[in-house]
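Student: Have a look at this fold, sequence not included:
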C-alpha cells in the first residue's frame, strides 16, 4: 500500500485525475459527516430531538432500526429528520469543491447516503447513483400499490401538527396511503425510477475496463460494505490501469499503521489516506486550482 503523506499524496492524486479518462467517486456516511450531517452528533440531536434526550438517547445513530414508538412519535422523528437533512440542510462547500475537482471529466458517483447532497450541491443527477435511494418519496407499507409519492407535502403537514411537549404528530396529520389509508414509510429503493438508476450506473461501469481510471472513495465503512466498499475493491483488483484512493478517518490498516484498510491484493494500485474527507478535498481542490 502506498502510504504517502503531505503534498506528495495530493500531487499524485491530482496527476491521476488529470490523466484519467474516467473517474469514479464513492461517497459514504463519513463524507456527509464531514459536511455536517453526522448521525453521532450529540449537539444537533439535542437541538432537534430534546424529548428523546430526556428519555436517555444521545444521537440519531441509536435510531437506526428503532421501532419502540407510536405512529405519531415515529412521524415526529422522521418528519423532523427528513426536513433537516433533505430539505433544510445548507449547501456544503465540501461537495461543491469535490464537484469542481471532477467537473469537465467523464465521472460517475455512487453514494450510500440518502441525503441528496451530491445533487443539491451541483452534481449532475444523471451522473449520481443513489444506491440506497433518498428521502424524496414515500410508499405504502402494506404495498397495496407500487406507486410512490413525493414526501414533502406529507412532511410539511406532519411538521405543522407536531405536539412538541409529547413530540408526536396528531393522528390526522400522520402520512397515510392515498389508496388504502394504510401506514406509509420512506421509499428508498422501492421508487419507480430505481431500476433505471441501476441500469445507467451499470452501463457506465461496463465501459471503464479499457479506460485509464481514478477511483476515489470517501468515508465508506462497514455498515453496508456490499454497496461501495467491496465492489470498489473488486473493480480495482480487476482493472489494469487504475489508481484507487481510500479516504477514511476510521478502520485502520490490518498492520495498525493508522491508515485505512487496503486489501493486500490491490495495495500496489492504491493510496490510503487517514483523515477527514473535508480536509482532504480542500487540499486537493486547492492544489488543482493552483496548478492550472
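Tutor: Cool, got the structure. What you see is a predicted model; the values in this text were computed from it and never measured.
Student: Spatially central residue in the protein, please.
Tutor: Centrality entry for the chain: nearest residue to the mean C-alpha point is residue 113, 2.4 Å, by Cα atoms, centre = their mean.
Student: how about that one, what does it touch?
Tutor: By Cβ atoms under 8 Å, 6 or more residues apart in numbering, the residues touching residue 113 are 27-29, 31-32, 37, 130, 132. Every residue, glycine included, has its C-beta placed from N, CA and C.
Student: Take those residues and keep only those in helices.
Tutor: The members of the contacts of residue 113 that map onto helices under DSSP state H are 29, 31-32.
Student: where's the residue lying closest to residue 187 once chain neighbours are set aside relative to residue 169, distance?
Tutor: Leaving aside its sequence neighbours, residue 187 sits nearest to residue 139 (Cβ to Cβ, 6 or more residues apart in numbering; 3.7 Å). According to Cβ to Cβ, to the nearest Å, residue 139 and residue 169 sit 18 Å apart.
Student: Same check on residue 205?
Tutor: Distance, residue 205 to residue 169, by Cβ to Cβ: 41 Å.
Student: can you check residue 126 too?
Tutor: Here residue 126 is placed at a distance of 36 Å from residue 169 (Cβ to Cβ).
Student: who's more crowded, these two?
Tutor: residue 169 (27 against 11; other Cβ atoms under 10 Å).
Student: looking at the sheet around that one, what are its partners?
Tutor: residue 162 (DSSP bridges).
Student: Number the residues from 57 up from this point.
Tutor: Will do, 57 is the new start, and the previous item becomes residue 225.
Student: Which elements pack onto the helix or strand hosting residue 67?
Tutor: Of the helices and strands defined by DSSP states H and E, residue 67 is found in helix 62-75. For helix 62-75, the helices and strands in contact under the criterion 3 or more Cβ pairs under 8 Å, 6 or more residues apart in numbering; DSSP states H and E are strand 269-274, strand 298-304, strand 326-330, helix 333-347.
Student: Could you export the ones you listed to TSV, including columns for mean neighbour count, distance to residue 141 and mean pLDDT?
Tutor: Below are the helices and strands packed on helix 62-75 laid out as TSV (neighbours: other Cβ atoms under 10 Å; distance: least, Cβ to Cβ, whole Å; pLDDT from 0 to 100):
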stretch	mean neighbour count	distance to residue 141	mean pLDDT
strand 269-274	26	18	98
strand 298-304	25	22	97
strand 326-330	22	26	93
helix 333-347	18	17	95
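Student: just the strands in the stretch 57-206 of the chain please.
Tutor: Under the criterion DSSP state E, counting those that start in this stretch, strands of the stretch 57-206 of the chain are mapped to 78-83, 162-167, 184-186, 193-196, 205-206.
Student: partner strands of the fourth one, parallel or antiparallel?
Tutor: Meaning strand 193-196. If you go by DSSP bridges, strand 193-196 pairs up with strand 205-206 (antiparallel), strand 240-242 (antiparallel).
Student: just to revisit the earlier point, what's the closest of the helices and strands packed on helix 62-75 to residue 116?
Tutor: Checking the helices and strands packed on helix 62-75 against residue 116 by Cβ to Cβ gives helix 333-347 as the closest, at 19.2 Å.
Student: what angle sits between that closest one and strand 78-83?
Tutor: 150 degrees (axes from the mean of the first three to the mean of the last three Cα atoms, to 10 degrees).
Student: what's the angle between helix 333-347 and strand 326-330?
Tutor: Inter-element angle recorded for helix 333-347 and strand 326-330: 120 degrees (by the same axes, to 10 degrees).
Student: Please name every helix or strand in contact with helix 333-347.
Tutor: Counting by 3+ Cβ pairs under 8 Å, 6+ apart, helix 333-347 packs on helix 62-75, helix 85-91, helix 149-158, strand 269-274.
Student: Pairing partners for the last one, with directions?
Tutor: Strand pairing for strand 269-274, using DSSP bridges, gives strand 78-83 (parallel), strand 298-304 (parallel).
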